[in-house]
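J.: Sequence and predicted structure are below.
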Amino acid sequence: MTIFAIDDTDKAPFAGILPAAPKPFVLGNGEGEKSLVFDQLFTILLSADETEDQFGAFTMQGNRGDRIPAHTHLKTHEIFYVVDGEITVWMDDTADYHSKTTLTTGDFAYVPAGTVHAFQIHNSSKVFGCGTAGFERFFHAMGQKSDLTEPAGIYVPDFEVMRAAGEKYATVFQPDFQFRD
């Protein structure tokens with residue numbers, strides 16, 4: 001069952017980086033489909049194309065920064081595994097689970113679909129993420145294609161770009177959401 005469009009136009013600028021089919025491959029350090037979103041570098045390592053719509057895998061690298069706006073993925077389950085560094089993750093299921101947890105190297109967090117969440121990077125950090133197949137292209141829809149190997153510069157998408165990416169990838173931005181700290 002495909003949750004997101006198979007013919008996703010957000011992958012076109014990256015054609016040839018990943019095999020686009022379920023066959024073995026290897027990426028070297030720093031390789032993958034890269035997009036700069038705000039001040040964070042997202043690198044897609046594996047997409048729905050390679051996993052027959054099972055999951056997507058990516059990394060996020062960033063330096064100390066502000067908390068990203070609260071948001072909810074309506075169809076996507078997401079993980080955070082801190083490869084290196086320190087981030088705080090806020091999660092609220094709007095029922096009985098409310099948390100603010102600082103994750104350091106080796107820590108893991110799971111955000112089920114429908115959970116309001118946000119994160120903030122405290123120092124230079126690298127996070128491995130995995131999510132529902134197809135969602136990984138959300139970062140391309142929001143960001144700017146990049147050849148960087150480390151996060152540098154800032155790309156702030158227009159509100160219309162954010163809104164369109166949110167609609168396409170079933171993500172609702174909630175900048176006024178109040179987490180229980």
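T.: Arrived safely.
J.: So which residues make contact with the longest helix along the chain?
T.: Counting by DSSP state H, the longest helix found in the chain is helix 159-168. Applying C-beta atoms under 8 Å, 6 or more residues apart in numbering, the contact partners of helix 159-168 are 4, 5, 10, 71, 138, 141, 142, 157, 171, 172, 173. In this view, the C-beta of every residue, glycine as well, is placed from N, C-alpha and C.
J.: Just list the residues touching the nearest residue to residue 62 once chain neighbours are set aside, thanks.
T.: Excluding the flanking residues, the one nearest residue 62 by C-beta to C-beta, 6 or more residues apart in numbering is residue 40, at 3.9 Å. Residue 40 is in contact with 60, 61, 62, 65, 121, 151, counting by C-beta under 8 Å, 6+ apart.
J.: repeat that with 10 Å
T.: With contacts defined as C-beta atoms under 10 Å, 6 or more residues apart in numbering, the neighbours of residue 40 are 60-63, 65, 68, 119, 121, 125, 127, 139, 143, 151, 154-155.
J.: for the residues you listed, which one is nearest residue 30?
T.: Using C-beta to C-beta, residue 61 is the member of the contacts of residue 40 that lies nearest residue 30, at 9.9 Å.
J.: Mind checking which of the contacts of residue 40 are in strands?
T.: 60, 61, 62, 119, 121, 125, 127 (DSSP state E).
J.: For the protein, list the residue farthest from the centre, please.
T.: Farthest-out residue of the chain from its mean C-alpha position, per C-alpha atoms, centre = their mean: residue 96, at 25.0 Å.
J.: Quick one, grab the pLDDT at it.
T.: The model reports residue 96 with a pLDDT of 94.
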